[in-house]
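In: when you get a sec, could you give me coordinates for this:
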Amino acid sequence: MSVARITHIGGPTALIEVEGWRLLTDPTFDPPGRRYRFGWGTSSTKVAGPAVDVDRLGPIDAVLLSHDHHADNLDDAGRALLPSAGVVVTTVAGARRLGGGARGLAPWASTRLERAGRPSIEITATPCRHGPRGSHAIVGAAIGFALTWPGQRDGALWVSGDTVLYPGVREVVARLPVGTALLHLGGVRFPITGPVRYSLTAEAAVRLCAELRPRTVIPVHYEGWSHFQQPRAVIERAFAQAPEPVRAAIHWLPVGARTEVPV
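Out: Residues are numbered from 1 along each chain as shown. Got it, this is the predicted structure:
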């Protein structure tokens, strides 16, 4: 059995330490208080700063970036640290925009992290749809990440990325055993687009987990920004009413605390 040490830094940002590797998801390290525009009349205010300062982060072997074009996934301070990261893995379009040798992956394409003295980690991009059907041309591409390495107990460590529940995400259920799932929740919604959601709601996450059956579900992307419409209390209620295997799987990480998770 392998153990990952995961630190939820805030929003979608998490540090995953496993087998000597240090992987960072969606770097956001700006201080709170600023309002960011996402385009097409949408915007959000960052209401909480990172639980770990970027200066105390330490060396990063790889950044896993769901997408580069929204500040709640990559803000200015997060963007500034990318050149110091060993590898940046993101969407194909995002890699073109970022340059600097960033690795762009289409859904279900893979890349590998390799270094002498460490087990290699396979990174497979998983599908995301960051909004309603037909929104891709406006919202842009996003991906999730399935991480596999020797010695995992129940399957991949999966980071969902920013997505709603749609058939592309259900391909993960069909194609990958997942032992640990970091889900981007928050039920993102904007006043200008009414009830339309841009990330998983708690109810959709329960339905997904009933199909996926991960041993451990770790919520991220539910706090720290004004456009996250479902805080922890809403997620807790939904999972408390879920069938037992799903109810028992949820695991809250204290924000800022390094937590060991069997994987």
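
In: and the pLDDT at Phe190?
Out: At Phe190, the model reports a pLDDT of 90.

In: show me what contacts it?
Out: For Phe190, the contact set (CB atoms under 8 Å, 6 or more residues apart in numbering) comprises 41-43, 196, 198, 227. All C-beta atoms are positioned from the backbone trio N, CA, C, and that covers glycine.

In: partner residues bridging Pro262?
Out: Beta bridges link Pro262 to Val3, judged by DSSP bridges.

In: next, count neighbours for it.
Out: For Pro262, the number of neighbouring residues by other CB atoms under 10 Å comes to 14.

In: ok, it - contacts?
Out: Counted by CB under 8 Å, 6+ apart, Pro262 has contacts 1-3, 153, 215-216.

In: repeat that for 7 Å
Out: 1, 3, 153 (CB atoms under 7 Å, 6 or more residues apart in numbering).

In: how about the helices in this protein?
Out: Ranges of helices in the chain, per DSSP state H, are 76-81, 92-98, 136-139, 167-175, 202-212, 232-240, 244-249.

In: out of these, which gets nearest to Leu183?
Out: Counting by CB to CB, Leu183 lies closest to helix 202-212 out of the helices of the chain; the figure is 5.4 Å.

In: let me know the angle separating the closest one from helix 232-240.
Out: 40 degrees (axes from the mean of the first three to the mean of the last three CA atoms, to 10 degrees).

In: keeping just the C-alphas, turn helix 202-212 into PDB.
Out: Presented in PDB, the C-alpha positions along helix 202-212 are these (Å, rounded to 0.1, in the frame of the first residue of the first chain):
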ATOM      1  CA  ALA A 202     -22.700  18.100  -4.300                       C
ATOM      2  CA  GLU A 203     -25.600  16.200  -5.600                       C
ATOM      3  CA  ALA A 204     -23.800  15.400  -8.900                       C
ATOM      4  CA  ALA A 205     -20.700  14.400  -6.900                       C
ATOM      5  CA  VAL A 206     -22.800  11.900  -4.900                       C
ATOM      6  CA  ARG A 207     -24.200  10.400  -8.100                       C
ATOM      7  CA  LEU A 208     -20.700  10.200  -9.700                       C
ATOM      8  CA  CYS A 209     -19.200   8.600  -6.600                       C
ATOM      9  CA  ALA A 210     -22.000   6.000  -6.500                       C
ATOM     10  CA  GLU A 211     -20.800   4.900  -9.900                       C
ATOM     11  CA  LEU A 212     -17.100   5.400  -9.400                       C
END
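
In: that helix vs helix 167-175, what angle?
Out: Put simply, helix 202-212 runs at 30 degrees to helix 167-175, going by the same axes, to 10 degrees.

In: in helix 202-212, which residues are buried?
Out: By 16 or more other CB atoms under 10 Å, the buried positions in helix 202-212 come out as 202-209, 212.

In: sorry, back to before: can you tell me which of the contacts of Phe190 is closest to Ala174?
Out: Tyr198 (24.0 Å).

In: so Pro32 versus Glu260, what's the distance?
Out: Look at Pro32 and Glu260: by CB to CB, to the nearest Å, they are 29 Å apart.

In: try Ala106
Out: Computed with CB to CB, the distance linking Ala106 and Glu260 is 33 Å.

In: same question for Arg170.
Out: The value you get for Arg170 to Glu260, if CB to CB is used, is 30 Å.

In: neighbour count: these two, which is higher?
Out: Arg170 (15 against 10).

In: which one is that one nearest to, not counting chain neighbours?
Out: Glu211 (6.8 Å; CB to CB, 6 or more residues apart in numbering).

In: correct me if wrong: the one you found contacts Val173.
Out: Yes - using CB atoms under 7 Å, Glu211 is in contact with Val173, at 4.7 Å.

In: what is in contact with those two at once?
Out: In contact with both Glu211 and Val173: no residue, using CB under 7 Å, 6+ apart.

In: in the stretch 101-250 of the chain, which spans are strands?
Out: Ranges of strands within the stretch 101-250 of the chain are 103-105, 110-113, 121-127, 143-148, 156-159, 178-184, 216-220, based on DSSP state E, counting those that start in this stretch.
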